[in-house]
Every structure is written in C-alpha cells, then in structure tokens.
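>>> Just need the structure, nothing else, for what follows:
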Amino acid sequence: MQRQAEAPIPSRYGTFQMLVYAEKSTERMPHIAFVAAGFDPGKPVAVRIHSECMTGDVFGSRRCDCGEQLEASLRIAAEKGGVVIYLRQEGRGIGLINKLKAYNLQDLGLNTAEANTHLGFDVDARQYDCAIYILEDLGIKQVELITNNPAKVDALKRSPIEVVGRIPVVIPPQPDSLPYLQTKQDLMGHLLGL
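You can find the predicted model right below:
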C-alpha cells in the first residue's frame, strides 16, 4: 500500500488535506487520511481510526453511533490539528451486504455479535495494519487516540506508534442504537458508561 493522491478539502469542520492510500492507483475504494490544518507530527496527534459505516456515516442511521462519532472526531481533529483515518472495512469487516443480513438477524432478536457469528464471521473482523502504515507515512510517532474501543488502543500499542492518551467520543444513545451500544459495552469492552 502507498499514498496515491492528495488534495485540500474545505469542509464544514475546517480545511483538511485528504490523502488516499491503496495498492494501485486504480483502486476504487482506497483508505483515507483526513489531515487537519495545523497538523504537527512532532508532537502527540489527536487521531481517529474510523471504519467505514455507510449506513451511519452517509445515511444517518440511528442503529449505531458511527456517523455521530465520525462528526465529533472531525471536529476534534479540526480543533487540535489532528487526523481522521477512514478505513474501508464496512460492518466490522464483513462488508455492507453481510452487515444488512446481520441487521435482519438483529431484528429477529440476535445482538450484533451473535448476528456476525451466525453468518460465519468473527464478532469483529477489522484489522488496523493499514492505519498503522498511514500513521507511519505521516511521520506520526505519538497519538491521542479518539476512541471508546480498547481493541484499537491495544492494536496501536503493538505497533511502533505510542499511545499517550485517549480522547473519548461517547454519543448519547438513541432508542434505536441502545441495544447495539449495550452490546459494544458488555461484550466488546467499549468504554461507553451506559
């Protein structure tokens, strides 16, 4: 994987430099680094590693808090000169088609973890190697990780990147998202304070 292209992107959160990473320049779904103005890799950088969630990020689904976490992370990154890494691993790594199948199973009474395993997948099949590569490419050595997920902290602790702090991004639950958030807290160890 390597950096394929970049361009400035003015957004409602501030101006970011958007960098895209892929094996080939013809890749249609590259991983993305959104680097805020004021970025300084010589000091600890506020970083969000966000896995794609089309339903929440694009369409505003209330089944999860993903879109709201992404928005909050973009605001934090803009304020702190940080970085949002957007990994193309939809549905905890199972893809959009299987994610929708998992939603149907959840509507029948399974929680998100049970639905994924019922479909033959791990509870969470995401990988963070690409994010670590992007951080290293950006020259980042220390991060304040914007996350509620201890697995992301652990993944970075096993890398050359030093985690010097964690910035929580807890979104108040909605009636439609509460079962999902409860499962994330109870079964996956997310730090949500529910």
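>>> Buried ones in stretch 152-169, by neighbour count?
Buried residues in stretch 152-169, defined by neighbour count with 16 or more other C-beta atoms under 10 Å: 152, 155-156, 161, 163, 166-167, 169. All C-beta atoms are positioned from the backbone trio N, CA, C, and that covers glycine.
>>> the helices in this protein, which residues?
Here the chain has its helices, by DSSP state H, at 66-80, 90-93, 96-107, 112-118, 129-137, 150-157, 178-188.
>>> And the ones you listed: which comes nearest residue 144?
Comparison of the helices of the chain against residue 144 by C-beta to C-beta identifies helix 66-80 as nearest, at 7.9 Å.
>>> which helices and strands does that closest one pack with?
Contact here means 3 or more C-beta pairs under 8 Å, 6 or more residues apart in numbering; DSSP states H and E; on that basis helix 66-80 packs against strand 14-22, strand 31-36, strand 45-51, strand 83-87, strand 142-146.
>>> Save the ones you listed as JSON lines, and put in distance to residue 107 too.
As requested, those are exported to JSON lines (distance: least, C-beta to C-beta, whole Å):
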{"stretch": "strand 14-22", "distance to residue 107": "35"}
{"stretch": "strand 31-36", "distance to residue 107": "31"}
{"stretch": "strand 45-51", "distance to residue 107": "22"}
{"stretch": "strand 83-87", "distance to residue 107": "27"}
{"stretch": "strand 142-146", "distance to residue 107": "31"}
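>>> between these, which gets nearest to residue 8?
Judged by C-beta to C-beta, the one of these that comes nearest to residue 8 is strand 14-22, at 5.6 Å.
>>> and the closest one, what other elements does it pack with?
Applying 3+ C-beta pairs under 8 Å, 6+ apart, one finds that strand 14-22 makes contact with strand 2-11, strand 31-36, helix 66-80, helix 129-137.
>>> pLDDT below threshold where in the protein?
For the chain, the stretches flagged by pLDDT under 70 are 194.
>>> Go ahead and flag the most central residue of it.
Residue closest to the average C-alpha location in the chain (C-alpha atoms, centre = their mean): residue 50, at 1.2 Å.
>>> Go ahead and confirm that residue touches residue 70.
Yes. Counting by C-beta atoms under 8 Å, residue 50 does reach residue 70; the two are 5.5 Å apart.
>>> hang on, the earlier thing: so which pair among the buried residues of stretch 152-169 is furthest apart in space?
161 and 169 (18.8 Å).
>>> distance between stretch 154-173 and the chain's centre?
What separates the centre of stretch 154-173 from the centre of its chain is 11 Å, taken as C-alpha atoms, centre = their mean, to the nearest Å.
>>> contacts for that stretch?
Residues outside stretch 154-173 that contact it (C-beta atoms under 8 Å, 6 or more residues apart in numbering): 44, 46, 48, 65, 68-69, 72-73, 76, 128, 131-132, 135-136, 140-148, 153, 177, 181, 191-194.
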